[in-house]
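Enquirer: Could you work out the structure for the sequence below:
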Amino acid sequence: CLAPVSAVAVLPDSRTALVAERSTGRVLRVQRGADPVLVTTVPVDSSGGGGLTGLVLSPGYAEDRLVYAYATTPTDNRVLRLAPGEEPKPVLTGIPRGSRDNGGALATDGRNALLVATGSAGLPSDDGSLAGKLLRIDTLGRPAADNPNPATPIVSSGLRAPGGVCTNAGAIWITDRPGTRDVLYRAKPGALGDPSWTWPDRPGVAGCVAQPGLLLVALASARSVFVLRPDDNGTFTGAPESLLQNRYGRLYAAATAPDGLLWL
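Expert: Next up, the predicted model:
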């Protein structure tokens, strides 16, 4: 009984998750065998591919119980902090919004910072704009102290319609849909560079999960999970696999639980 789910954040018990509904802005707590419980509602404008598209636990969730969300409003895209019993509070605002490509994705970097992949909002590339970028911020929305340029949250540029961002052992992976093909980037400071993998048939790359020696990408249009095996240098070994083909319909959100299981 959920509206289309755009993001999943699994709680430390590995049995419970928070899920985001893109068009309604609802965040619900779900657990097998129980009815979903409404946690909060984030006001959103879901036009142009926007809405509530990102959700991640705070790097210090065990102590602060905070959750961060990426949302589209009538005036901008923004990162919000969700605290128990409180209204959503803006952390980073003013990310441009436009007629399309408003969605974004969130992750943590393993070093107490948030990674924010922003859509281009259909706007021309602008190095100073926060649209179409990978941002790295602290939990108060400020540029992370050890960014390549500590004066700005921008780490890399060149995104159009990111579907997911995931990390493992310092590597940052981003799925994107630039129009003529779907792509997977291994993020680099500055411009993203050439894609690490491409899908000419545009299967609808969405959320991703990175684990040691394993990278999984949810595919919305292809209704499956695509599996790659990266080595320490970011190149891929063996043949890719497609799993769960047409078994559960369109797959968008993807997350891993502390026990290693995949949530979709």
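Enquirer: Just the CA atoms of stretch 123-130, as PDB, please.
Expert: Extracted C-alpha coordinates of stretch 123-130, given in PDB (Å, rounded to 0.1, in the frame of the first residue of the first chain):
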ATOM      1  CA  LEU A 123      19.600  24.200 -17.300                       C
ATOM      2  CA  PRO A 124      22.800  24.800 -19.200                       C
ATOM      3  CA  SER A 125      26.000  23.700 -17.400                       C
ATOM      4  CA  ASP A 126      27.300  26.400 -15.100                       C
ATOM      5  CA  ASP A 127      30.400  25.600 -12.900                       C
ATOM      6  CA  GLY A 128      29.100  27.900 -10.200                       C
ATOM      7  CA  SER A 129      25.600  26.500 -10.000                       C
ATOM      8  CA  LEU A 130      24.700  23.700  -7.600                       C
END
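Enquirer: Buried ones in that stretch, by neighbour count?
Expert: Leu123, Ser129, Leu130 (16 or more other CB atoms under 10 Å). Where you see a C-beta, it was placed from the backbone N, CA and C, and this is true even at glycine.
Enquirer: Could you do stretch 13-20 as well?
Expert: Neighbour counts using 16+ other CB under 10 Å place Ala17, Leu18, Val19, Ala20 of stretch 13-20 among the buried residues.
Enquirer: C-alpha coordinates for stretch 191-210, PDB please?
Expert: Presented in PDB, the C-alpha positions along stretch 191-210 are these (Å, rounded to 0.1, in the frame of the first residue of the first chain):
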ATOM      1  CA  ALA A 191      34.500  16.900 -14.000                       C
ATOM      2  CA  LEU A 192      33.200  13.300 -13.700                       C
ATOM      3  CA  GLY A 193      35.200  12.100 -16.700                       C
ATOM      4  CA  ASP A 194      34.200   9.200 -19.000                       C
ATOM      5  CA  PRO A 195      31.600   6.800 -17.700                       C
ATOM      6  CA  SER A 196      32.800   3.600 -16.200                       C
ATOM      7  CA  TRP A 197      29.800   1.700 -17.800                       C
ATOM      8  CA  THR A 198      27.200   2.700 -20.300                       C
ATOM      9  CA  TRP A 199      23.800   1.300 -21.300                       C
ATOM     10  CA  PRO A 200      22.900   2.300 -24.900                       C
ATOM     11  CA  ASP A 201      19.400   0.800 -24.500                       C
ATOM     12  CA  ARG A 202      18.600   3.200 -21.600                       C
ATOM     13  CA  PRO A 203      17.200   0.700 -19.100                       C
ATOM     14  CA  GLY A 204      16.400   3.400 -16.500                       C
ATOM     15  CA  VAL A 205      19.300   3.300 -14.100                       C
ATOM     16  CA  ALA A 206      18.300   4.200 -10.600                       C
ATOM     17  CA  GLY A 207      19.500   3.400  -7.100                       C
ATOM     18  CA  CYS A 208      22.800   1.600  -6.500                       C
ATOM     19  CA  VAL A 209      24.500  -0.400  -3.800                       C
ATOM     20  CA  ALA A 210      28.300  -0.800  -3.500                       C
END
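Enquirer: Now the element after whichever strand or helix holds Trp173, going C-ward?
Expert: Per DSSP states H and E, Trp173 falls inside strand 171-176. Once the chain leaves strand 171-176, the next helix or strand it forms, by DSSP H and E, is strand 182-186.
Enquirer: what's in contact with that following strand?
Expert: 171-177, 192-193, 195-199, 202-205, 208, 215, 217, 228, 234 (CB atoms under 8 Å, 6 or more residues apart in numbering).
Enquirer: filter those residues to the buried ones?
Expert: 171-177, 192, 195-197, 199, 202-205, 208, 215, 217, 228.
Enquirer: Where does Ala62 sit: helix, strand or coil?
Expert: Secondary structure, DSSP: H, G, I helix; E, B strand; the rest coil: Ala62 is helix.
Enquirer: What sits closest to it if chain neighbours are left out?
Expert: Spatial nearest neighbour of Ala62, chain neighbours left out: Pro12 (6.6 Å); criterion: CB to CB, 6 or more residues apart in numbering.
Enquirer: Ok, Asp101 next?
Expert: Asp101 sits nearest to Gly119 (CB to CB, 6+ apart), 4.0 Å away.
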